[in-house]
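Asks: generate coordinates for the sequence data below:
(2 chains)
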Amino acid sequence: SQQGEEDPQALSIQEGENATMNCSYKTSINNLQWYRQNSGRGLVHLILIRSNEREKHSGRLRVTLDTSKKSSSLLITASRAADTASYFCATDGEETSGSRLTFGEGTQLTVNP
Amino acid sequence: KAGVTQTPRYLIKTRGQQVTLSCSPISGHRSVSWYQQTPGQGLQFLFEYFSETQRNKGNFPGRFSGRQFSNSRSEMNVSTLELGDSALYLCASSLLGSNSPLHFGNGTRLTVT
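Replies: This next block holds a predicted model:
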């Protein structure tokens, strides 16, 4: 079963707009990570935020983490058609730290040119 | 550095057969983990290996097994295949420890008929 829940399940926007995806989880974590997956390919790591961090930036990506609400959001600014992909949050739990990540169900982002 | 390599890329098997999938991690990465991805269940953790030892195992039946060699390359085996085993099997490598992102291969697409 998936620990994380993401919303929306699907998001369609125009190029240049911002895209926001949300993730909720259930247990205590060491960190939360976001990954991107293009159709039929492997996952690509985007950003990792530790449990003692509240916000992190990487290029056009901004991630926030609220451990009191057990939630995170991923903001992609000035989106491009190449950002079209599925985005997954994944938690590294305190009890199962390391490579055993628990993934959310993912958000399918479509950026229309 | 070369990325994570998985072979074969596609595989078609019939029920009852067995299959072996291979994964070569990024040079220097000694932790290898496996995930199953299906439309219905999403991404689910199978197992993780480090220094030829299984560190973690997910909730899969004993038909799913794996191993890691001294050069960190890993294989997973599924015996007595069932239709429900059809999935994208993803291998990921990482440096050991929490806060180390996973680097995924492009997966092996297994179809069981």
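
Asks: surely B:Gly84 is within a helix?
Replies: Yes - applying DSSP: H, G, I helix; E, B strand; the rest coil, one finds B:Gly84 inside a helix.

Asks: who's in contact with it?
Replies: Going by Cβ atoms under 8 Å, 6 or more residues apart in numbering or on different chains, B:Gly84 touches B:Val112. Placement of C-beta: from N, CA and C, glycine included.

Asks: and for A:Ala78?
Replies: A:Gly16, A:Asn18, A:Arg60.

Asks: separation between the residue nearest to B:Tyr49 when sequence neighbours are not counted and chain A?
Replies: Excluding its sequence neighbours, the residue lying closest to B:Tyr49 (Cβ to Cβ, 6 or more residues apart in numbering or on different chains) is B:Gln68, at 3.7 Å. B:Gln68 is 12 Å from chain A, where distance means Cβ to the nearest Cβ, to the nearest Å.

Asks: thought A:Val63 was touching A:Tyr87?
Replies: No - here A:Val63 does not reach A:Tyr87: they are 11.1 Å apart, not a contact under Cβ atoms under 8 Å.

Asks: can you list residues touching both of those two?
Replies: Residues within reach of A:Val63 and of A:Tyr87 at once, by Cβ under 8 Å, 6+ apart, are A:Trp34, A:Leu74.

Asks: tell me how many other residues crowd the residue nearest to B:Tyr49.
Replies: By other Cβ atoms under 10 Å in any protein chain shown, the residues close to B:Gln68 number 23.

Asks: which pLDDT value belongs to residue 3?
Replies: If you meant another chain, say so; for now it's chain A. At A:Gln3, the model reports a pLDDT of 56.

Asks: ah, no, chain B please
Replies: Predicted confidence (pLDDT) for B:Gly3: 94.

Asks: next, count neighbours for it.
Replies: By other Cβ under 10 Å, the residues close to B:Gly3 number 15.

Asks: and A:Glu15, by the same measure?
Replies: 14.

Asks: residues from chain B in reach of chain A?
Replies: Applying Cβ under 8 Å from any Cβ of the partner chain, one finds that chain B approaches chain A through B:4, B:6, B:31-33, B:35, B:41-43, B:45, B:48, B:55-56, B:58, B:88, B:90, B:92, B:94, B:96-107, B:109.

Asks: narrow the residues you listed to those in strands?
Replies: B:6, B:31-33, B:35, B:42-43, B:45, B:48, B:55-56, B:88, B:90, B:92, B:94, B:103-104, B:109 (DSSP state E).

Asks: I'd guess A:Ala82 is in a helix, am I close?
Replies: Yes - counting by three-state DSSP, A:Ala82 falls inside a helix.

Asks: ok, it - contacts?
Replies: Contacts for A:Ala82 (Cβ under 8 Å, 6+ apart) come out as A:Val111.

Asks: also B:Pro8?
Replies: Shown in contact with B:Pro8 (Cβ under 8 Å, 6+ apart): B:Leu21, B:Thr108.

Asks: which strand or helix spans the residue nearest to A:Arg62 when sequence neighbours are not counted?
Replies: In this structure, A:Arg62 finds its nearest non-sequential neighbour in A:Leu75, 4.3 Å apart by Cβ to Cβ, 6+ apart. A:Leu75 belongs to strand A:71-76 when elements are defined using DSSP states H and E.

Asks: measure B:Pro61 to B:Gln36 for me?
Replies: To B:Gln36, B:Pro61 is 12 Å away according to Cβ to Cβ, to the nearest Å.

Asks: look at these two and report which has more neighbours.
Replies: The neighbour comparison of B:Pro61 against B:Gln36 (other Cβ under 10 Å) goes to B:Gln36, with 22 against 11.
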